[in-house]
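Colleague: Below is the sequence, then the predicted model.
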Amino acid sequence: MKKLGIIIDSFACLTEEQAKELEYHLLPLQVEINGELVKENTINNVNLLEQIASSKSCKTSLPNLALIQETVSYCSQNYDDSIFIGVSEHLSSTPKYINTLAQEYKNIHVIKNNLVGSQIRLLIKIAQKVYQKTQNISEVKNKLEKFISQCSTYILPANLDHLIKGGRLKGFKKILLNTIKMFPLLKYDLDGTVSLATLKRTQKGALDKLVEKVTEEAKNLKNPSFQIIWGIDQSINQKLAKATEKLPIFNKEITPAAIAIHTGPDAICLTSMPSPEEN
């Protein structure tokens, strides 16, 4: 029986301990706050989000390059095939770097996606199930591509400051400079880029549009599941919980620090995907 290796990064929202228990190989994005590299766990860490909120500077960088090389080499030697499911190549160079290594290690495969949290974790389970059944990596890729195309992810930050500083929304700086105080709704697009879906004059208007957009894109799913990822603004968190109380929420979790640096530690995110029971 052939074996499938799983390589992930911070976008899976799993701690090192959780990943190890699942026998996944984690490449955590590096987080730097006020010039100091964070050594503690960056997942489900409210303290780090508060530090980001009050910091003068913060940034993320590639996972440790030696760790990437070591992990890819290990997986290539110990599994028949391995897949990397993580951040988009438009947000980080990690996928590109792994793709470069994959030219030498032919059984390493980068799965392009725009997923986060429980979406990625379900995608992994689908990959394992299909690989176990078919022993064919092409069949796995086809199944994953179909699942990814059925998912949706929208983000509502308090403002775009962190995204502009992080270079994730370069094209929107001029718009913001010529616009009164507004609330931006962002979409994590299928191609892995982040785009401005709309601007609303009030937080309530933006929140309503967030729920509307995600539920609208999930309407063709037989039994959609929704995920909430939120930060440290308890007021907006409570409003989101209220606005989504009639939706089948599959999972709720705290924004990973590596993501919060770019969205802001008070941003909220709502995603949709096919129900786990359907996969």
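Modeller: Structure's in. What do you need? Numbering: from 1, shown residues only.
Colleague: which of the residues in stretch 112-130 are buried?
Modeller: Neighbour-count burial for stretch 112-130, counted by 16 or more other Cβ atoms under 10 Å, picks out 112-124, 126-127, 130. Where C-beta positions appear, they are placed from N, C-alpha and C, glycine not excepted.
Colleague: who are the neighbours in contact with L37?
Modeller: With contact set as Cβ atoms under 8 Å, 6 or more residues apart in numbering, L37 has these partners: Q30, V31.
Colleague: Just the ones of the buried residues of stretch 112-130 in strands?
Modeller: Counting by DSSP state E, none of the members of these fall within strands.
Colleague: how long is stretch 261-277 end to end?
Modeller: From its first residue to its last, stretch 261-277 covers 33 Å (Cα to Cα, to the nearest Å).
Colleague: Can you show me the helices along the protein?
Modeller: All helices of the chain, identified by DSSP state H, fall at 16-21, 46-54, 65-78, 94-102, 118-134, 137-149, 161-165, 173-177, 203-217, 234-243, 257-263.
Colleague: export the fifth one as PDB, just CAs?
Modeller: Once non-C-alpha atoms are left out, helix 118-134 reads as follows in PDB (Å, rounded to 0.1, in the frame of the first residue of the first chain):
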ATOM      1  CA  SER A 118     -11.000  23.700   8.600                       C
ATOM      2  CA  GLN A 119     -11.200  24.000   4.800                       C
ATOM      3  CA  ILE A 120      -7.600  22.800   4.500                       C
ATOM      4  CA  ARG A 121      -8.000  20.200   7.200                       C
ATOM      5  CA  LEU A 122     -11.000  18.700   5.400                       C
ATOM      6  CA  LEU A 123      -9.100  18.900   2.100                       C
ATOM      7  CA  ILE A 124      -6.300  16.800   3.600                       C
ATOM      8  CA  LYS A 125      -8.800  14.100   4.700                       C
ATOM      9  CA  ILE A 126     -10.200  14.000   1.200                       C
ATOM     10  CA  ALA A 127      -6.700  13.600  -0.200                       C
ATOM     11  CA  GLN A 128      -5.900  10.800   2.200                       C
ATOM     12  CA  LYS A 129      -9.200   9.000   1.500                       C
ATOM     13  CA  VAL A 130      -8.900   9.200  -2.300                       C
ATOM     14  CA  TYR A 131      -5.200   8.200  -2.300                       C
ATOM     15  CA  GLN A 132      -5.900   5.200  -0.100                       C
ATOM     16  CA  LYS A 133      -8.600   4.100  -2.400                       C
ATOM     17  CA  THR A 134      -7.000   4.800  -5.800                       C
END
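Colleague: neighbours of D161, just the number please.
Modeller: Residues near D161, counting by other Cβ atoms under 10 Å, number 11.
Colleague: so what's it closest to, chain neighbours aside?
Modeller: Once flanking residues are discounted, D161 sits nearest to G264: 6.9 Å by Cβ to Cβ, 6 or more residues apart in numbering.
Colleague: try G205
Modeller: Closest residue to G205 apart from its sequence neighbours, by Cβ to Cβ, 6+ apart: F183 at 7.1 Å.
Colleague: Likewise for D266?
Modeller: Of all residues beyond its chain neighbours, the one nearest D266 is D233 (3.7 Å), with distances taken as Cβ to Cβ, 6+ apart.
Colleague: if I pick the spatially closest residue to S76 that is not a sequence neighbour, what's in contact with it?
Modeller: Nearest residue to S76 in three dimensions, chain neighbours excluded: Y105, at 3.8 Å (Cβ to Cβ, 6+ apart). Contacts of Y105 were listed using Cβ under 8 Å, 6+ apart, and they are V72, S73, C75, S76.
Colleague: check contacts around the nearest residue to the first one once chain neighbours are set aside.
Modeller: Using Cβ to Cβ, 6+ apart and skipping residues adjacent in sequence, the residue nearest V72 is L101, 4.8 Å away. Applying Cβ under 8 Å, 6+ apart to L101 gives the contacts I68, Q69, V72, I108.
Colleague: and those as TSV, adding neighbour count and distance to F11?
Modeller: Converted to TSV, the contacts of L101 look like this (neighbours: other Cβ atoms under 10 Å; distance: Cβ to Cβ, whole Å):
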residue	neighbour count	distance to F11
I68	19	15
Q69	13	20
V72	24	18
I108	23	18
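Colleague: List just the nearest of those to V38.
Modeller: Checking the contacts of L101 against V38 with Cβ to Cβ, the nearest one is I68 at 18.3 Å.
Colleague: What's the separation between that closest one and S76?
Modeller: The gap separating I68 from S76 is 12 Å, by Cβ to Cβ, to the nearest Å.
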